[in-house]
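Asks: need coordinates for the below:
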Amino acid sequence: MKKASSSQSGSALIYVFVAIALFTALILAFGRGMRQTTGDVDQKTAKVVVSEFISYGNAAQRAVEKLVRQGCSEQDLRFYHPDFDSAGDYAGQAEYQTPPNNKCHIFDQDAGRAKWQKPSGHMVTNPASDYLFSGVYGVQDVGNSACPDTELMMILKVNKAFCLEYNNALGVDNPNGLPPQQAGADPYGSNPNPATAAKFGSSSGTTFGCGDFIGGVATPELTGKTRGCYQSTASDSYYAYYVLLSR
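Replies: Purely as a prediction, here's the structure:
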């Protein structure tokens, strides 16, 4: 009986070891599969959100062009929307949805008819981030390239992966596999949202200002580009931009 009991115990231990080995192999295989799946999803997601950014820029640009055709001056364009963080930093709150004074509002459904939206969390470094509509920055060789002939553009502080994928989609060179480096044009700095002074029609009254120009000798990859992404060396932040109106 003792021999049978000893034999059964030995067999049970073997089954336990085999089960542990199989379970370990299963966990390793599952982990490899998850890493592969995550990589696939990340790449697909990056392409989707780049398309989302471009589509939003297209919609805003169409609204700008429509309102300009209808007689709105560049200075009269308004980007106010109540869902912005610190919405009052944009001029036009009193006229929003108030005919006929709302006729030059991009996000008013009786005027520009562009649909306001929050950026995807896959684009940004901070979920609190908002798109910025600014007339402070310009792009070298787009428009007149002189202050105050800066561009009206949509800007977003993004993560590095999005920045690279956005440039890839546009055919903009990422030198040495990194986004182009820009010394200035840093409207958000270390914050999730831009400074008031950078916003178009800000509460300070600024529409088109005299900020930095993107591109030029230091950043030739973006010279003449109406869309692109760069790394601002001032705060080590990444910015995707889309020119809505070149001047």
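Asks: measure how buried the closest residue in space to residue 59 that isn't next to it in sequence is and give me the count.
Replies: Distances taken as Cβ to Cβ, 6 or more residues apart in numbering put residue 114 closest to residue 59, at 5.0 Å, once the chain neighbours are dropped. C-beta coordinates here come from the backbone N, C-alpha and C atoms, glycine included. Burial of residue 114 is recorded as 23 neighbouring residues (other Cβ atoms under 10 Å).
Asks: any idea how far residue 114 lies from residue 56?
Replies: With distances taken as Cβ to Cβ, to the nearest Å, residue 114 is found 8 Å from residue 56.
Asks: try residue 81
Replies: 13 Å.
Asks: in contact with residue 194, which residues?
Replies: By Cβ atoms under 8 Å, 6 or more residues apart in numbering, the residues touching residue 194 are 130, 132, 134, 155, 157, 187, 188.
Asks: in which helix or strand does it reside?
Replies: Assigned by DSSP states H and E, residue 194 belongs to no helix or strand.
Asks: what does residue 156 give?
Replies: Per DSSP H and E: strand 152-158 holds residue 156.
Asks: now the following helix or strand past that strand: mean pLDDT?
Replies: Of the helices and strands lying after strand 152-158 in sequence (DSSP H and E), the nearest is helix 160-170. In this model, helix 160-170 has a mean pLDDT of 95.
Asks: mind checking how far the residue nearest to residue 177 when sequence neighbours are not counted is from residue 227?
Replies: In space, not counting the residues next to it along the chain, residue 177 is nearest to residue 164; the distance is 7.8 Å by Cβ to Cβ, 6+ apart. Between residue 164 and residue 227 the distance is 14 Å, computed by Cβ to Cβ.
Asks: please enumerate the strands of the protein.
Replies: 132-134, 138-139, 152-158, 181-182, 213-214, 227-232, 237-245 (DSSP state E).
Asks: need the ones you listed in TSV with mean neighbour count and distance to residue 46, can you?
Replies: Listed next are the strands of the chain as TSV, based on neighbours: other Cβ atoms under 10 Å; distance: least, Cβ to Cβ, whole Å:
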stretch	mean neighbour count	distance to residue 46
strand 132-134	27	21
strand 138-139	28	24
strand 152-158	25	11
strand 181-182	20	21
strand 213-214	26	22
strand 227-232	24	12
strand 237-245	24	12
